[in-house]
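>>> output the structure for:
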Amino acid sequence: LKAAALSMIIALPLGAFFGISRMSDHRWVRVPAGVVVEFFRSIPVLLLMLFANEFYSRYTNVTTDNRPLYAVVTGLVLYNASVLAEIVRAGILALPKGQTEAAYAIGLRKGQTMTSILLPQAVTAMLPAIVSQLVVVVKDTALGGAMIGYAELLSARSTFAANYANVIQSFIGVAIIFIVVNFLLTSFASWLERRLRRSKKSTGAVLGAEDMEELNPAAVGGSFGTGAGAGTGI
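Residues are numbered from 1 along each chain as shown. Next comes the predicted model:
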């Protein structure tokens, strides 16, 4: 679970970064980000783990004890960050274009539009897909235990089964642990999604007029009404 937690912490912001980079107006940002995402998304996560394990063995001073952890985390981060990047990009592109047009109409810059308007709205829509990918991260840690000797639940199960000769029971125990962890993760995401939806309903919007004024007090006076009318209710 340590590898899964580290992978989630690193992959989430990295995926968001590459997802937003893929929508950049600058070709020199958009194209390399797209190449990186498509490259790592096309490689099986197990192959990435094996490659990382060999890389750390040959070219770094990582100790033998820590190498499996580093290899598992590296493989999980590279693969899942690329998948999360596509989730983030798809979630933002799914929003009505009127949201962006209304923000530009009141003079917000692209960065302000992304962080203050688009991302807050897209997060709610993206949560189910993000959680599904995080569940995959937890389950994929078993590949590291099976192939490169990372000390996780499956390898611990092997030791337990060898000592007490209860192979079937040990498999059932590991399965229950995975089920509980993934259930807790999914339940937390469902609670967070409901909370975000209630927050949006209570405020009537993700970003209200008062927030717009704080972002751009000079431009909001004459154009907010027009911008909001053209959009779908920022």
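
>>> longest helix of this structure?
For the chain, the longest helix by residue count, based on DSSP state H, is helix 167-203.

>>> what about the strands in this structure?
In the chain, no strands are defined using DSSP state E.

>>> which stretches of it have low pLDDT?
By pLDDT under 70, the weakly predicted segments of the chain are 145-166, 199-234.

>>> tell me which residues of stretch 82-96 come out buried.
Neighbour-count burial for stretch 82-96, counted by 16 or more other Cβ atoms under 10 Å, picks out 82, 83, 84, 85, 86, 87, 88, 89, 91, 92, 95. All C-beta atoms are positioned from the backbone trio N, CA, C, and that covers glycine.

>>> and the longest helix of the chain, how far from the chain's centre?
Averaging C-alpha coordinates over helix 167-203 and over its chain gives two centres that are 16 Å apart (Cα atoms, centre = their mean, to the nearest Å).

>>> show me what it is packed against.
The elements that helix 167-203 packs onto, with contact taken as 3 or more Cβ pairs under 8 Å, 6 or more residues apart in numbering; DSSP states H and E, are helix 119-147, helix 153-164.

>>> 10 Å instead?
Using 3 or more Cβ pairs under 10 Å, 6 or more residues apart in numbering; DSSP states H and E, the elements in contact with helix 167-203 are helix 2-21, helix 119-147, helix 153-164.

>>> got the buried residues for the longest one?
Taking 16+ other Cβ under 10 Å as the basis for neighbour counts, the residues of helix 119-147 that come out buried are 119-127, 129-131, 133-138, 140-145.

>>> redo the buried residues of stretch 82-96 as CSV? Include distance to residue 18.
Formatted as CSV, the entries for the buried residues of stretch 82-96 read as follows, by distance: Cβ to Cβ, whole Å:
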residue, distance to residue 18
82, 7
83, 10
84, 8
85, 4
86, 9
87, 11
88, 8
89, 8
91, 14
92, 13
95, 19
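
>>> what about these, which are in helices?
The subset of the buried residues of stretch 82-96 that ends up in helices is 82, 83, 84, 85, 86, 87, 88, 89, 91, 92, with DSSP H as the criterion.

>>> and the first one, how far is that from residue 70?
Applying Cβ to Cβ, to the nearest Å, one obtains 19 Å for the distance of residue 82 from residue 70.

>>> cool, and the fifth one?
Taken as Cβ to Cβ, the spacing of residue 86 relative to residue 70 amounts to 25 Å.

>>> try the second one
Between residue 83 and residue 70 the distance, using Cβ to Cβ, works out to 21 Å.

>>> tabulate the ones in helices among the buried residues of stretch 82-96 (a markdown table), appending distance to residue 42.
Listed next are those as a markdown table, based on distance: Cβ to Cβ, whole Å:
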| residue | distance to residue 42 |
| --- | --- |
| 82 | 9 |
| 83 | 11 |
| 84 | 15 |
| 85 | 13 |
| 86 | 12 |
| 87 | 16 |
| 88 | 18 |
| 89 | 16 |
| 91 | 21 |
| 92 | 22 |
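
>>> quick check, nearest of those to residue 21?
For residue 21, the nearest member of those is residue 85. The distance, counting by Cβ to Cβ, is 8.1 Å.

>>> which residues are in contact with that closest one?
Contacts of residue 85 were listed using Cβ atoms under 10 Å, 6 or more residues apart in numbering, and they are 11, 14-22, 33-34, 36-38, 40-41.
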